[in-house]
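Enquirer: Generate a structure from the sequence data that follows.
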Amino acid sequence: MNNTLNVSRHERPESENALKPTYLVTLKLIERLQRLLLDVLKDELDRIGCKEVNSVQALLLFNIGDMELTAGEIRSRGFYMGSNVSYNLKKLQELGCIEHQRSESDRRAVRIRLTERGKQISRMVNELVDRQLSLIEKVGGISLSDLESMNRTLHRLERFWTDQIRYRL
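Expert: Reported below is the predicted structural model:
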């Protein structure tokens, strides 16, 4: 009889036991990096005196950029990671950063685009990214090949997690 079929969840092969600590560090880093990105954006917003939008909203405006999208497209394209995209879109509309218009082809759908104020904030985030690009290799010691390798790995992890949900693995 094949013993691998009778292995309980607590009796992992040695390779899985060795992998677990590194995997847990990866999970913590992903979460911490997202929070740090938002902290960097908040710091930049504070530095330029932009108090009306928060870092999540600034990142959302940056991700929308010159596109015209629905709220569903914003979430499905990964432009917004939170569960309350409607709240932030409503706040951004109240602040004059976005405007929306009913779709001509589907009157139920609302298309969202940035106003001039929203474009200003998006440009501010873009300028921050440009400044970071000028320093990332010199100060951070992170090369293009490092980023490419990391992106390949993160895409594979994303695919793995998506499959976990899709196929209930």
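
Enquirer: And Arg47, how far from Gly82?
Expert: According to Cβ to Cβ, to the nearest Å, Arg47 stands 24 Å off from Gly82. No exception for glycine: its C-beta is placed from N, CA and C like everyone else's.

Enquirer: ugh, typo on my part, it should be Cys50
Expert: Note on Cys50: its distance to Gly82, by Cβ to Cβ, is 20 Å.

Enquirer: more neighbours, those two?
Expert: For Cys50 versus Gly82, neighbours defined as other Cβ atoms under 10 Å are more numerous around Cys50 (15 against 10).

Enquirer: so the more buried one sits in a strand?
Expert: No: applying DSSP: H, G, I helix; E, B strand; the rest coil, one finds Cys50 to be coil, outside a strand.

Enquirer: wait, what's in contact with it?
Expert: Ala58, Ile121, Met124 (Cβ atoms under 8 Å, 6 or more residues apart in numbering).

Enquirer: Can I have the buried ones of those residues as a ChimeraX selection?
Expert: Remark: buried members of the contacts of Cys50, expressed as a ChimeraX selection using 16 or more other Cβ atoms under 10 Å:
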select :58,121,124
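
Enquirer: Restricted to helices, list the contacts of Cys50.
Expert: Among these, the ones falling in helices (DSSP state H) are Ala58, Ile121, Met124.

Enquirer: Wait, the last one touches Ile48, no?
Expert: Yes: at 6.3 Å, Met124 and Ile48 qualify as touching, with contact defined as Cβ atoms under 8 Å.

Enquirer: What residue spans form the domains of the chain?
Expert: As given by automatic domain parsing, the domain ranges for the chain are 18-135, 141-169.
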